[in-house]
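**Q** Let me see the structure of the following:
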Amino acid sequence: MDRPSGIDYWAPWFHWYYSPWQQSEIRDDHVTLKAVTLPKGIHEFVYYARATSVGDYFVAPAHVEESFFPEVFGRSDSGRFIVEP
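**A** Coordinates of the predicted model:
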């Protein structure tokens, strides 16, 4: 597959893989995602976590906002999950 002109690096698999997230930061207590543009619709970020302690845990709601227009924002529901022995 030929590279498009002006592109120094061309990943041949990119034509079937797309992610709107230019940057992701995964911490112990939160995940931050950054996108330059995000089209209207539902977007999903999937990650895997390993439960290391038995217990009843609170899942904080997701929050999204525009960098330069914070009055444009969205939130998800909170939740909980239970880790049993």
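**Q** Setting the sequence-adjacent residues aside, check what's closest to the residue nearest the centre of the chain.
**A** When Cα atoms, centre = their mean is applied to the chain, the residue found nearest the centroid is residue 45 (3.8 Å). Nearest residue to residue 45, sequence neighbours excluded (Cβ to Cβ, 6 or more residues apart in numbering): residue 33, at 5.9 Å. C-beta: built from backbone N, CA, C; applies to glycine.
**Q** re earlier: what's near enough to touch the residue nearest to the centre of the chain?
**A** 21, 24, 31, 33 (Cβ atoms under 8 Å, 6 or more residues apart in numbering).
**Q** hang on, the earlier thing: which strands and helices sit next to the one helix or strand the residue nearest to residue 45 maps to?
**A** Per DSSP states H and E, residue 33 falls inside strand 31-34. Counting contacts by 3 or more Cβ pairs under 8 Å, 6 or more residues apart in numbering; DSSP states H and E, strand 31-34 is packed against strand 23-26.
**Q** who touches the strand it packs on?
**A** The contact list for strand 23-26, computed with Cβ under 8 Å, 6+ apart, reads 31, 32, 33, 34, 45, 47.
**Q** Next one: the fifth one from residue 60, what distance?
**A** Here residue 45 is placed at a distance of 14 Å from residue 60 (Cβ to Cβ, to the nearest Å).
**Q** same thing with the third one?
**A** The span separating residue 33 from residue 60 equals 15 Å under the rule Cβ to Cβ.
**Q** out of these two, which sits in the busier spot?
**A** Neighbour count, other Cβ atoms under 10 Å: between residue 33 and residue 60, residue 33 has more, with 17 against 10.
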